[in-house]
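Colleague: heads up, no residue letters with this:
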């Protein structure tokens, strides 16, 4: 890692705010609750916003972190970025779900 204090803010935001929202939403979604669907949308948007802010911050310190990396920035995006793009796939789907089918 590095000594930038800003990185801790992103990590704490993920662990204290975003992930509990996503866990609770997943539980509600599995039980076909309307609030589970609504919080899934909210949680995915939160995840996407924090990830979109964290990634450029992470890239500013690329040389200090991965200066000896064989694959460079492309490797960072393939290994560190692509698996976390789930919200980009889920959000359009969750916004098109027929909400009348969900129980309260």
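Modeller: Looks like it came in fine. If you're wondering where the values come from, they're calculated on a predicted model, not measured in any experiment. Numbers count the residues shown, from 1 in each chain.
Colleague: when you work out contacts or count neighbours from here on, use the C-alpha atoms and nothing else.
Modeller: Noted.
Colleague: so residue 22 sits against residue 44, correct?
Modeller: Yes - Residue 22 lies in contact with residue 44 (Cα atoms under 8 Å); the separation is 7.3 Å.
Colleague: looking at the two, which one has more neighbours?
Modeller: In this view residue 22 and residue 44 are compared by other Cα atoms under 10 Å, and residue 44 has more residues nearby, 23 against 20.
Colleague: now do the helices in this protein.
Modeller: Per DSSP state H, the chain carries helices over the ranges 6-12, 19-30, 34-60, 62-66, 72-76, 86-96.
Colleague: state the distance from residue 39 to residue 73.
Modeller: For residue 39, the distance to residue 73 (Cα to Cα, to the nearest Å) stands at 33 Å.
Colleague: of those two, which one has the most company?
Modeller: Using other Cα under 10 Å, the more surrounded residue of residue 39 and residue 73 is residue 39, with 19 against 16.
Colleague: hmm, that one is touching residue 23, no?
Modeller: No - taking contacts as Cα under 8 Å, residue 39 lies outside contact range of residue 23: 9.7 Å.
Colleague: related to what we said a few turns ago, how about the helices of the chain in JSON lines, adding mean pLDDT?
Modeller: Shown next, in JSON lines, are the helices of the chain (pLDDT from 0 to 100):
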{"stretch": "helix 6-12", "mean pLDDT": "82"}
{"stretch": "helix 19-30", "mean pLDDT": "91"}
{"stretch": "helix 34-60", "mean pLDDT": "85"}
{"stretch": "helix 62-66", "mean pLDDT": "74"}
{"stretch": "helix 72-76", "mean pLDDT": "74"}
{"stretch": "helix 86-96", "mean pLDDT": "79"}
